[in-house]
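**Q** quick check, what structure comes out for this input:
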Amino acid sequence: MMRRLAAVLFVFAAGCHRSTFDRTSGKIQLAAGVTEITAPLRIAAGAHDLEIAGDPGGSTIRMAANFAGAAAIVGDNVANVTIHGIRIEGSRTSLGSDRYLPGSDQPFADYYDANGILFRNSRNIAIRDVTIEKIKSFPILVNQSTGVTIENVAIANSGTLNKAGRSNTTGGILLEEGTTEFAVRRCRIHDITGNGIWTHAYYHSPRNVDGVIESNEVSATPRDAIQVGHGRHVRVAGNHGSRIGYPPDEIDTAALATPVALDSAGDVTGSVYTDNHFIDVNGQCIDLDGFHDGEVSGNSCINRQPIEAYPFLHEGIVFGNTFPDQTPGRVLVKGNVIDGFGYGGVYLIGEGSEIVDNRFVNINMSHCTGRAGNARCNYALDEPGMLRSGIYLATHAARPAQTRGNVIERNYISGFGSKQWCIEPAASIALNDVGENTCIDQK
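**A** Take a look at the predicted model:
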């Protein structure tokens, strides 16, 4: 037996309304057509083995202009819940907001309201074949849950900007604060204001562990396409996208939030980025800040337009050490294609990595020489090799770093000045194994 009405309306004091799904297990069949809500549809705490399904003719949940609450659908402390075959329309009418980022150690789920779907402290959650548009905050936000599957979700025209008109990270799919055993597959995300798909956890929080982010498409965002933050054993594979770092006037320049196709943050251990492909990246291709003991293979970022189309064009692959409790290194970087970037192919710090069989083509599009004069190149002039080198062996990122015991061989490097400045050391090159690499000048 199927229920045609999905919710029962309760009325509280002062005209406040809240809806609660009327079953804790079994199947809830949403009514066909549009249902407008002013408060969250809540899954009862303790609900289990529950399916929430759209009508075959189409079921839309529309958040009214005066909607108030955490999300259109909220689940807390539930298990074995599946949501599929529905459409959620948010109440975003403009990009402006007063929100920027949560305070120290405050989860995003406690800070942002007006999300699409929010789950907390739950297990075995599946969100499939769902369309979400015009959400002010996060279309999907999962906090401290395990066994999360998000598949075939379409997200568009979501997220807001901060008071300065810059990205406040909203608009995509966020898994945070120790979410484990998760998979995000075959989702289509475009025209958002923040990160497309990402994990996040604060310094003292549990890490996000054992995840898969694969075969998704992310396009048209001023922030990152995919970011793994504070993760362990996360596989990012077979994703693609375009126009990362667009529109440029929404990039959060005040926070130095350079857009990245594949980003890392915090402590990222034992993870793999492979077979991901992006075009028109107005920023960095791959950021390995905090990434160690992992693999980066078979990825590509290709920029074919003139440099003027990429005002924030940066380095190809950047190693970093912002997170204080890890030593960068032991990364296999193999078979990647970096084509058309403002500075070098690799900014390398750390120990024991292998940079082999990569193609760094049309790099140093900014024509940096290590001397002042070019506005794009007037940075770190005391380290002239930093911006012009094909591969730069550095002595620091956020903190000082040892750069030794790395293998650099069989790479193809072409770009402005690449023959002269192919592989340059600030660190001692004698402490690294630099083998045969092909270096060619390219105008």
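**Q** stretch 94-104: which residues count as buried?
**A** For stretch 94-104, burial by neighbour count (16 or more other Cβ atoms under 10 Å) applies to L95, S97, R99, Y100, P102. The C-beta positions use only the backbone N, C-alpha and C, and glycine is treated the same way.
**Q** I'd guessed the second one sits against S167; true?
**A** It stands for S97. No. S97 is not in contact with S167 according to Cβ atoms under 8 Å; the separation is 11.0 Å.
**Q** which regions of the stretch 201-350 of the chain sit below the pLDDT cut-off?
**A** With pLDDT under 70 as the threshold, the stretch 201-350 of the chain has no low-confidence stretch at all.
**Q** any idea how far A53 lies from I28?
**A** Shown here: A53 relative to I28, a distance of 7 Å by Cβ to Cβ, to the nearest Å.
**Q** can you check I197 too?
**A** 28 Å.
**Q** next: G270.
**A** In this structure, G270 lies at 39 Å from I28, with Cβ to Cβ as the measure.
**Q** how about Y412?
**A** Computed with Cβ to Cβ, the distance linking Y412 and I28 is 57 Å.
**Q** looking at the two, which one has more neighbours?
**A** A side-by-side neighbour count of Y412 and I28, using other Cβ atoms under 10 Å, places I28 first with 21 against 17.
**Q** surely that one touches L50?
**A** Yes. Between I28 and L50 a contact is recorded at 7.1 Å, counting by Cβ under 8 Å.
**Q** mutual contacts of those two, please.
**A** Residues within reach of I28 and of L50 at once, by Cβ atoms under 8 Å, 6 or more residues apart in numbering, are F21.
**Q** for S264, give me its contacts.
**A** By Cβ under 8 Å, 6+ apart, the contact set of S264 is Q227, V228, G229, D287, L288, D289, G290, F291, G320.
**Q** is it fair to say the second one lies in a strand?
**A** Yes. Secondary structure assignment (DSSP: H, G, I helix; E, B strand; the rest coil) places V228 inside a strand.
**Q** name whatever forms a beta bridge with it.
**A** Partner residues in beta bridges with V228, using DSSP bridges, are S264.
**Q** got a list of what it touches?
**A** Residues in contact with V228, defined by Cβ under 8 Å, 6+ apart, are W198, T199, N208, I213, V234, V236, D263, S264, A265, V268, S271, F291.
**Q** just the buried ones from these?
**A** When neighbours are counted using 16+ other Cβ under 10 Å, those contain these buried positions: W198, T199, N208, I213, V234, V236, D263, S264, A265, V268, S271, F291.
**Q** so how far is R87 from G231?
**A** Going from G231 to R87 by Cβ to Cβ gives 30 Å.
**Q** I misspoke; the intended subject was I440.
**A** From I440 to R87 the distance is 52 Å (Cβ to Cβ).
**Q** repeat for P206
**A** Relative to R87, P206 is positioned 33 Å away (Cβ to Cβ).
**Q** give the contact list for Y310.
**A** Under the criterion of Cβ under 8 Å, 6+ apart, the neighbours of Y310 are G245, D280, V281, N282, N303, G342, M365.
**Q** closest one of these to P107?
**A** Within the contacts of Y310, distances to P107 taken as Cβ to Cβ reach their minimum at G245, with 26.9 Å.
**Q** spatially, what comes nearest to that closest one if we skip its sequence neighbours?
**A** What sits nearest to G245 in space, not counting adjacent residues and going by Cβ to Cβ, 6 or more residues apart in numbering, is N282, at 2.9 Å.
**Q** burial count for that neighbour?
**A** One way to gauge burial is a neighbour count; for N282, by other Cβ under 10 Å, it gives 23.
**Q** and it, how far is that from K134?
**A** N282 sits 25 Å away from K134, going by Cβ to Cβ.
**Q** next one: N358
**A** Here N358 is placed at a distance of 41 Å from K134 (Cβ to Cβ).
**Q** hang on, isn't V142 packed against A183?
**A** No. Under the criterion of Cβ under 8 Å, V142 is not in contact with A183, lying 11.6 Å apart.
**Q** which residues are common contacts for the two?
**A** Common neighbours of V142 and A183, using Cβ under 8 Å, 6+ apart, are V148.
**Q** looking at those two, which is more packed in?
**A** Set side by side, V142 and A183 show unequal neighbour counts under other Cβ under 10 Å, the larger going to V142 at 28 against 16.
**Q** Provide a list of residues in contact with the more buried one.
**A** L118, F119, R120, S122, I125, V148, L174, L175, E176, T179, F182.
**Q** cutoff 7 Å now
**A** When the contact criterion is Cβ atoms under 7 Å, 6 or more residues apart in numbering, the partners of V142 are F119, V148, L175, T179.
**Q** and for F416?
**A** For F416, the contacting residues are N364, H367, Q442, K443, taking Cβ under 7 Å, 6+ apart as the criterion.
**Q** for G385, state which of those is nearest.
**A** Nearest to G385 among the contacts of F416, counting by Cβ to Cβ, is N364 at 11.2 Å.
**Q** the closest one touches G417, doesn't it?
**A** Yes. Counting by Cβ atoms under 7 Å, N364 touches G417, with 6.1 Å between them.
**Q** mind listing the helices for the stretch 51-200 of the chain?
**A** Ranges of helices in the stretch 51-200 of the chain, per DSSP state H, counting those that start in this stretch, are 108-111.
**Q** low-confidence ranges in it?
**A** Flagging of the stretch 51-200 of the chain using pLDDT under 70 yields an empty set of residue ranges.
**Q** between P206 and R87, who's got more neighbours?
**A** R87 (17 against 14).
**Q** picking up where we left off before, of the contacts of F416, the lowest pLDDT goes to which?
**A** Taken together, the contacts of F416 show their lowest pLDDT at K443, with 72.
**Q** excluding covalently adjacent residues, which one is nearest to that one?
**A** F416 (6.8 Å).
**Q** what sits against A427?
**A** Under the criterion of Cβ under 7 Å, 6+ apart, the contact list for A427 reads L393, A394, T395, T403, R404.
**Q** farthest-apart pair in those residues, please.
**A** The most widely separated members of the contacts of A427 are A394 and R404, with 11.9 Å between them, by Cβ to Cβ.
**Q** any idea how far M386 is from the residue nearest to K443?
**A** 15 Å.
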